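In: A structural model of the following input is requested.
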Amino acid sequence: MGKIFISLLLILAGFSCLYGQNAQYGGQALNKGSYSLSGSIQYSSSSMSDSYFSNNVGTLAITPQFTYFVANHFSLGGFISYYDISPNTSTAALGPLFRYYFYVKDVNPFLEASFNISIGDHYTNVGFGLKGGMEYFLSTSVAVEPFISYNYMTNSLATNVAFPTTTITVNVGIGINYFIF
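Out: Sure thing, here's the model as predicted:
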């Protein structure tokens with residue numbers, strides 16, 4: 001996990017050196033009335049536990065999302081995540097999200113909060129997520145976004161599970177974001 005995090009930081013530093021951003025990049029894209037279509041690939045490390053066991057799992061996820069800017073630098077939207085947990089196990093989650101962009105001298109860091117729900121044959125997971133990252137604009141409407149996120153989910157609404165479990169996931173990923181304005 002540490003090697004992946006260090007690799008992501010090096011990629012982030014490389015993008016900041018190679019693509020020095022203009023003040024115009026991200027300016028209009030982050031304003032009220034704009035749309036954003038994005039997708040990301042992320043690697044997760046999950047810790048699942050209940051009263052009797054604990055397990056750590058590595059997961060690969062693909063997450064497309066759509067947002068609309070209701071105010072300058074503030075967008076609302078939704079996402080769908082597909083998680084490949086093991087060769088025989090996969091699941092999907094969806095929910096609403098809220099994202100706020102900061103402006104710090106030609107860089108656009110963001111914070112995101114989301115609500116997650118995942119429904120399977122015998123369970124319903126509910127939870128929340130927090131995500132932070134940077135938008136590195138490659139043009140006026142395309143940005144690369146490295147990020148790190150934290151997700152908390154519980155299947156306390158399970159119908160055929162003897163003991164409710166809690167899953168805490170830390171994701172490190174990179175996404176591409178296309179802005180329509």
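
In: any idea which strand is longest in this structure?
Out: strand 54-71 (DSSP state E).

In: what pairs with it, parallel or antiparallel?
Out: Counting by DSSP bridges, the strands paired with strand 54-71 are strand 35-49 (antiparallel), strand 74-86 (antiparallel).

In: list the buried residues for that strand?
Out: Judged by neighbour count (16 or more other Cβ atoms under 10 Å), strand 54-71 contains these buried residues: 59, 61, 63, 65, 67, 69. Every residue, glycine included, has its C-beta placed from N, CA and C.

In: can you redo the strands paired with strand 54-71 as a markdown table with mean neighbour count, mean pLDDT and distance to residue 123?
Out: Below are those laid out as a markdown table (neighbours: other Cβ atoms under 10 Å; pLDDT from 0 to 100; distance: least, Cβ to Cβ, whole Å):
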| stretch | mean neighbour count | mean pLDDT | distance to residue 123 |
| --- | --- | --- | --- |
| strand 35-49 | 17 | 82 | 12 |
| strand 74-86 | 16 | 87 | 13 |
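
In: select, out of those strands, the one closest to residue 174.
Out: Smallest distance to residue 174 across the strands paired with strand 54-71 (Cβ to Cβ): 6.5 Å, for strand 35-49.

In: now that closest one: how far from the chain's centre is it?
Out: The chain centroid and the centroid of strand 35-49 are separated by 5 Å, computed with Cα atoms, centre = their mean, to the nearest Å.

In: for this structure, which spans come out with low pLDDT?
Out: Applying pLDDT under 70 to the chain flags residues 1-26, 46-51, 53, 85-89, 106, 120-122, 156-163.

In: can you pull out the helices in it?
Out: 2-18 (DSSP state H).
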